[in-house]
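with the sequence up front, the predicted model follows.
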Amino acid sequence: MTTRIDRRFAKLKAEGRPALVTYFMGGDPDYDTSLSIMKALPGAGSDVIELGMPFSDPMADGPAIQAAGLRALKGGQTLARTLQLAREFRRHDADTPVIMMGYYNPIYSYGVERFVADALEAGIDGLIVVDLPPEMDEELCLPALRAGLNFIRLIAANASDERLKQLVARATGFIYCVSTYGATGAATPDSKTVRHLVERIRACTSLPICVGFGIKTPADVRMLSEIADGAIVGTEMVRAIARGMETGAGVATASAFASSLRDAVPSAGAARMPPPNAVTGGQ
């Protein structure tokens, strides 16, 4: 079974360009604005959308995303309302892959079986759950895979070779390559370190590899397009939304920022990626 994520990366590979993956927090600064932002991102150049699930104790998130989560929670955002965001988005966009990203506690409280069923019904394509290692695959990874959801793993540079193989074993969709140590948005990626990690991951899987954490500028995206299959921009997108809130232009600011990232690599990767007739399946 192929998913929207599989089909999108196959399409990008055939076109010879990297993916732009953008993250925003569901419900930030409010439900209606975040829905408008979500609807605007594909037209601004986002190939894949990460929809943040607000949580009160986000251990891997830096101050900007923590603040976005708190704004959303104070505005009454819940996991059910975050699923509703995806459901309403799907009424206008049947093609753009949507991944829910966050922590296990809200899903556990919601109920795993109910969550998986509702996520599929809402048009979610994959999950990134920061605090569920492979040792806990029975909790959510395996139920999600059986239902047809992609389960995306995060891999950092300090993963041993044995651990790396364990992490990719059940990963689907793509691999999230963590470019820096620490919380999201806390540091700037080093190209040599990222390249080495991407090479290590490629030796273990044929899945696309996207790099996130610390990706702030069009120049960062351009650099990563020569190394990986995509760039993930989260903290800076959340900051752009926050800046726009000050003038009531959150949607326009988010769209302009996404467009600047896409414009940085209009045809990047053409020499690196195989020609269209080399693309097979959904990977």
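Cool, the structure landed.

rest of the way, CA atoms for contacts and neighbours
Fine.

ranges for the helices of the stretch 101-250 of the chain?
Secondary structure of the stretch 101-250 of the chain (DSSP state H, counting those that start in this stretch): helices located at 104-110, 112-122, 141-147, 161-169, 191-202, 218-225, 235-245, 250-263.

state the mean pLDDT of the third one.
It stands for helix 141-147. Here helix 141-147 scores 98 as its mean pLDDT.

the fourth one now?
Helix 161-169 shows a mean pLDDT of 95 in the predicted model.

could you list the low-pLDDT ranges of this structure?
180-189, 266-283 (pLDDT under 70).

what helix or strand is the residue nearest the centre of the chain on?
Among the residues of the chain, the one closest to the centroid is Glu50, at 4.0 Å (Cα atoms, centre = their mean). Under the criterion of DSSP states H and E, Glu50 resides in strand 48-52.

list of residues touching that strand?
Strand 48-52 is touched from outside by 5, 19-26, 38, 41-42, 96-102, with contacts defined as Cα atoms under 8 Å, 6 or more residues apart in numbering.

buried members of the residues you listed into ChimeraX, please.
If you want just the buried ones from the contacts of strand 48-52 in ChimeraX, going by 16 or more other Cα atoms under 10 Å, the selection is:
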select :5,19,20,21,22,23,24,25,26,38,41,42,96,97,98,99,100,101,102
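
among the contacts of strand 48-52, which ones are in helices?
The helices, defined by DSSP state H, take in Ile5, Met38, Leu41, Pro42 from the contacts of strand 48-52.

ok, these vs Leu164, which is closest?
Set against Leu164, the nearest of the ones in helices among the contacts of strand 48-52 by Cα to Cα is Ile5 (21.8 Å).

got the contact list for that closest one?
Val48, Pro97, Asp125, Gly126, Asn150, Gly173.
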